[in-house]
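Colleague: Sequence first, then the predicted structure:
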Amino acid sequence: MEAPILIGLAQINATVGRFTDNAALILQAAQKAHEQGVDILVLPELALVGYQPEDLVLRPEFIKQQASEFEKLCASLATLTDLHVLIGHIVKTAAGIHNCASLVVNGRVEGVYFKQELPNYSVFDEKRYFTPGNEPFVFNLKGHCFGVAVCEDTWLPRVPEQAAQAGAQTLLVLNASPYTMNKDDQRIKVMQENICKQEMAVVYCNMVGGQDELVFDGNSFVLNRQGQLVQELNTFVQALGIVQVQGHAVTARQALPLMPARTTNALPYNELHKNNDEPLESEIWRALVLATQDYLGKNFFKKALLGLSGGIDSAVVLVVAVDAIGAENVQAVMMPSEYTADISVTDSQDMAQRLGISYHEVAIANMFEAYLGALSPIFQDLPVDTTEENLQARIRGTLLMAMSNKFGAVVLTTGNKSELATGYCTLYGDMVGGFAMLKDLPKTWVYRLARWRNSITPVIPERIITRPPSAELRPDQTDQDSLPEYDILDGIIERMMEQDQSSAEIMAAGYSRHDVEKVARLLKINEYKRRQGAPGPKLTRRAFGRDWRYPITNGYHF
């Protein structure tokens, strides 16, 4: 009978281009694994490099520095006797640049696998940077044969079949698979179909952390040969999972934290095992919190600033920010105009007090009148329209950016996906800022998250959730003066944007011609606005940004 083999999965939070820090994370995980008697340690895809490195890969010095750090890391791993470490990194050969996994044992590279399937869809551009391999890589330990694959390799059946034919009994998979809603179930089903049907067990180790418009959830897991879930690590935490393989049997052993766990007001982040009863709202909230933590932290921002309006979007952004970086590092400013309702000011004050943040009020009525006075000779008594509405938003944007410059705080924009899709936002106004955390969250989901977060602690005044949404830029204004009801709007956007349905197909599903044609027109004509907006985390199947690449100038109608 085969001897038992302990396998570790280290889902770590790597930063693109920060080779020394990433190597330190890898070494820490390896040392902890070695202390626990682990035989094989699996790390995420490009763990030494960070994912996605994008055009940094095209810089020769980037490749050179990464190679130098890899040599140093191998030397450091030499002290961890007989630990087999699978490290994701970049290798340059005469054939090109490769996304690869190297097996390091006692400080020596015992084998290298070159990723074969290079994704080139959605947010992925790997064919721009990497040359694919064409050979399997397997190795034997204690009588058991292990195969190696990298992320996209396992989303298609060819590479797993190749590994099985080479004798692999267990496939070790290094991943940098970005988070989207419900993707954890999808990953497991694909691995069951493509790997377990080849009578192989699966050890799936995924990256965790925020990187620009992506957030990686970890959620690493192990399946036995029958496709049954043996171990599943929690989302959005750095952790080391350990399982035992002996013959055909795969059993869970334990899970250990990596790095001190960060805590928030909403949820403890030290839970290492996935709770499959956790509501989706909780998972999305934790995605937003980690994305915000890492965008600010990895870009060396210690403080955040936002305009608080008394509306639902800014309320949710404020609470996520406090959960992510602490109330002491968050500043909000209420900028009332003559159209701002008293209850908006009262509710903003209430929220600031509940959360314990720094809060200021700067009235813009006099500034607005000054702008109108300066423009009156040019406008020459032309009727009032959205120009005056947008001017108020741009005054507020100017004030926020002034405070950002003065205090070194990044401005968090508060627009959601529904608004960005339809252009219900002001360029150089409420769109200004450095990070748009709700960019890929439809308005209906903003309400869902607010209600869920209040079920933990009542941080958002109930009136903010229940009152009709309004930009408050003209008398008695509501969002539905300009847009369909949000449940209708979001349904159309999802079908049109995420499912690529035509207007005719959407109308056949029961939506009115008026609403569908209006949304299609707004989606098309506001592309130029979205191109100038701040980055924000991808949460849905298709997000604006790298995931949505429509030309600004085009004559096609959705």
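Modeller: That came through, no problem. Numbers count the residues shown, from 1 in each chain.

Colleague: quick one: low-confidence ranges for the stretch 401-550 of the chain?
Modeller: 472, 477, 479 (pLDDT under 70).

Colleague: Helices of that one, residue ranges please.
Modeller: All helices of the stretch 401-550 of the chain, identified by DSSP state H, counting those that start in this stretch, fall at 417-422, 443-456, 462-466, 486-493, 503-508, 513-525, 527-531.

Colleague: Quick check: buried residues in the fifth one?
Modeller: By neighbour count, and taking 16 or more other Cβ atoms under 10 Å as the criterion, the buried residues in helix 503-508 are 503, 506-507. Heads up, the C-betas are built off the backbone N, CA and C, glycines and all.

Colleague: what sits against the nearest residue to Met259 once chain neighbours are set aside?
Modeller: The shortest distance from Met259 to any non-neighbouring residue, by Cβ to Cβ, 6 or more residues apart in numbering, is to Gln238 (5.0 Å). Counting by Cβ atoms under 8 Å, 6 or more residues apart in numbering, Gln238 touches 11-13, 25, 208, 218, 257-259.

Colleague: Please tabulate those in JSON lines and include neighbour count, distance to Ser76 and secondary structure as additional columns.
Modeller: As requested, the contacts of Gln238 are exported to JSON lines (neighbours: other Cβ atoms under 10 Å; distance: Cβ to Cβ, whole Å; DSSP: H, G, I helix; E, B strand; the rest coil):
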{"residue": "Gln11", "neighbour count": "31", "distance to Ser76": "20", "secondary structure": "strand"}
{"residue": "Ile12", "neighbour count": "23", "distance to Ser76": "15", "secondary structure": "coil"}
{"residue": "Asn13", "neighbour count": "27", "distance to Ser76": "19", "secondary structure": "coil"}
{"residue": "Leu25", "neighbour count": "21", "distance to Ser76": "12", "secondary structure": "helix"}
{"residue": "Val208", "neighbour count": "28", "distance to Ser76": "22", "secondary structure": "strand"}
{"residue": "Gly218", "neighbour count": "30", "distance to Ser76": "24", "secondary structure": "strand"}
{"residue": "Pro257", "neighbour count": "15", "distance to Ser76": "21", "secondary structure": "strand"}
{"residue": "Leu258", "neighbour count": "20", "distance to Ser76": "17", "secondary structure": "coil"}
{"residue": "Met259", "neighbour count": "13", "distance to Ser76": "18", "secondary structure": "coil"}
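
Colleague: who are the neighbours in contact with the closest residue to Gly533 other than its chain neighbours?
Modeller: Closest residue to Gly533 apart from its sequence neighbours, by Cβ to Cβ, 6+ apart: Met431 at 5.3 Å. Neighbouring residues of Met431 by Cβ under 8 Å, 6+ apart: 397, 413, 415, 425, 529, 532-534.

Colleague: gap between Met431 and His557?
Modeller: 25 Å (Cβ to Cβ, to the nearest Å).

Colleague: do Asn175 as well
Modeller: Taking Cβ to Cβ, one finds Asn175 at 39 Å from His557.

Colleague: which of these two has more neighbours?
Modeller: Taking other Cβ atoms under 10 Å, Asn175 and His557 do not tie; Asn175 has more neighbours (28 against 10).

Colleague: Please list all residues in contact with that one.
Modeller: 44-45, 150-151, 204-207, 220.

Colleague: Mark which of those are part of strands, please.
Modeller: Among the contacts of Asn175, DSSP state E puts 150, 204-206 in strands.

Colleague: rewinding a little: okay, the buried residues of helix 503-508 in CSV with distance to Glu2 next?
Modeller: What follows is the buried residues of helix 503-508, written out as CSV (distance: Cβ to Cβ, whole Å):
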residue, distance to Glu2
Ser503, 60
Ile506, 56
Met507, 61
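
Colleague: So Val289, which state does it fall into?
Modeller: The three-state label given to Val289 by DSSP: H, G, I helix; E, B strand; the rest coil is helix.

Colleague: scratch that, Cys145
Modeller: Relying on three-state DSSP, one would call Cys145 strand.

Colleague: same question, Gln231
Modeller: strand.

Colleague: Please look at it and Gly241 and confirm they touch.
Modeller: Yes - in terms of Cβ atoms under 8 Å, Gln231 counts as a neighbour of Gly241; the distance is 5.4 Å.

Colleague: quick one: which of those two has more around it?
Modeller: Using other Cβ under 10 Å, the more surrounded residue of Gln231 and Gly241 is Gly241, with 28 against 22.

Colleague: So what pairs up with that one in the strands?
Modeller: Leu9, Ala255 (DSSP bridges).

Colleague: list the contacts for it?
Modeller: 8-9, 11, 220, 222, 231, 233, 252, 254-255, 272.

Colleague: what's the spacing between Ala543 and Arg513?
Modeller: For Ala543, the distance to Arg513 - Cβ to Cβ - is 27 Å.

Colleague: Those two - which one has more neighbours?
Modeller: Ala543 (25 against 11).

Colleague: from what I can see the more buried one touches Lys439, true?
Modeller: Yes - assessed by Cβ under 8 Å, Ala543 is found in contact with Lys439 at 7.1 Å.

Colleague: Which neighbours do those two have in common?
Modeller: 417, 536.

Colleague: May I have stretch 101-117 exported as CSV, CA atoms only?
Modeller: What follows is stretch 101-117, C-alpha atoms only, in CSV (Å, rounded to 0.1, in the frame of the first residue of the first chain):
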residue,chain,number,x,y,z
ALA,A,101,5.0,26.0,-12.6
SER,A,102,8.4,24.8,-11.3
LEU,A,103,8.8,22.0,-8.9
VAL,A,104,11.5,23.0,-6.4
VAL,A,105,13.0,20.3,-4.1
ASN,A,106,15.9,21.0,-1.7
GLY,A,107,16.6,24.2,-3.5
ARG,A,108,16.8,22.6,-7.0
VAL,A,109,14.3,22.8,-9.9
GLU,A,110,13.3,19.2,-10.5
GLY,A,111,11.0,20.0,-13.4
VAL,A,112,9.0,22.8,-15.1
TYR,A,113,5.6,22.7,-16.6
PHE,A,114,4.6,25.3,-19.3
LYS,A,115,1.0,26.3,-19.3
GLN,A,116,-0.6,25.0,-22.5
GLU,A,117,-4.1,26.6,-22.7
